[in-house]
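S.K.: When you get a sec, could you give me coordinates for this:
(one chain, ligands or ions: 1)
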Amino acid sequence: MLRNSMLRRMFCCSTFSVLTFFAFAAGSAWAQGAHPPAKTERGGGAGDIARGKYIVEAVAVCGQCHTPRDSNGNFDRSRWLQGAPVPYMPAKPNADWPINAPRIGGAPPASDADMIKLLTTGIWTDGNRLRLPMPGFRMDRSDAEAVVAYLRSVTPNQ
Ligand code: HEC
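M.R.: Numbering: from 1, shown residues only. All right, here's what the predicted structure looks like:
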């Protein structure tokens with residue numbers, strides 16, 4: 001009996017602190033909505049955009065497939081990450097090979113949560129992996145958030 005009531009009290013306390021936590025989290029989410037903090041203060045801020053740009057341009061090279069090229073084969077910077085014909089052919093014939101790498105810069109093609117899921121797990125909104133040659137990325141969460149912040153910031157002509 002004694003143990004039971006102690007357990008119950010512990011349970012009550014932890015329920016209480018979980019509730020307090022949610023109330024606090026909801027409160028701060030509300031406060032953020034009312035007064036968006038300066039960009040550098042939270043994930044997706046200015047620092048993250050610079051890191052995301054570095055990952056997109058220099059590490060994961062998303063533009064290799066998602067940016068169209070001019071007649072000399074150079075990136076068309078006026079259409080940076082705006083979608084392009086896939087520049088690679090499969091080594092073995094594959095009827096399911098995608099023709100286009102869609103637009104990913106500017107308004108994202110999916111919610112931030114779905115974009116982060118894709119970049120951290122390789123799984124897209126339909127619960128499946130995207131087709132090759134789209135790489136199955138396994139970024140850590142902060143890298144994925146930085147990439148999404150950068151993609152959102154992209155406007156053609158960049
Ligand atoms: C080697 C080529 C290649 C690279 C590099 C690449 N992608 Fe892709 N990506 C594709 C192709 C091809 C598709 C279409 C896949 C399909 O239709 O199943 C695609 C699809 C996507 C989609 C789904 C878009 C939609 O509307 O369906 C997203 C999001 C995406 N890529 C983001 C990225 C990001 C972010 C990077 C870099 C971190 C990247 N990709 C790098 C080729 C590439």
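
S.K.: Please report how far the spatially closest residue to Pro87 that is not a sequence neighbour lies from Ala101.
M.R.: Of all residues not flanking Pro87 in the chain, Cys65 sits nearest, at 6.5 Å (CB to CB, 6 or more residues apart in numbering). All C-beta atoms are positioned from the backbone trio N, CA, C, and that covers glycine. Noted for Cys65: a distance of 4 Å to Ala101, by CB to CB, to the nearest Å.

S.K.: all helices of this structure, in order?
M.R.: Ranges of helices within the chain are 2-34, 46-54, 63-66, 112-121, 141-153, based on DSSP state H.

S.K.: I figured the residue nearest to Pro87 hits Val86, correct?
M.R.: Yes. With contacts counted by CB atoms under 8 Å, Cys65 reaches Val86, the gap being 6.1 Å.

S.K.: Would you mind listing what in the protein touches the ligand?
M.R.: With CB under 6 Å from any ligand atom as the criterion, the chain comes near the ligand at residues 56, 60-62, 64-66, 86, 98, 101-102, 104, 109, 118, 130-131, 133-135, 137, 147.

S.K.: which of those residues count as buried?
M.R.: 56, 60, 62, 65-66, 86, 101, 104, 109, 118, 130, 134, 137, 147 (16 or more other CB atoms under 10 Å).

S.K.: Alright, that wraps it up for me.
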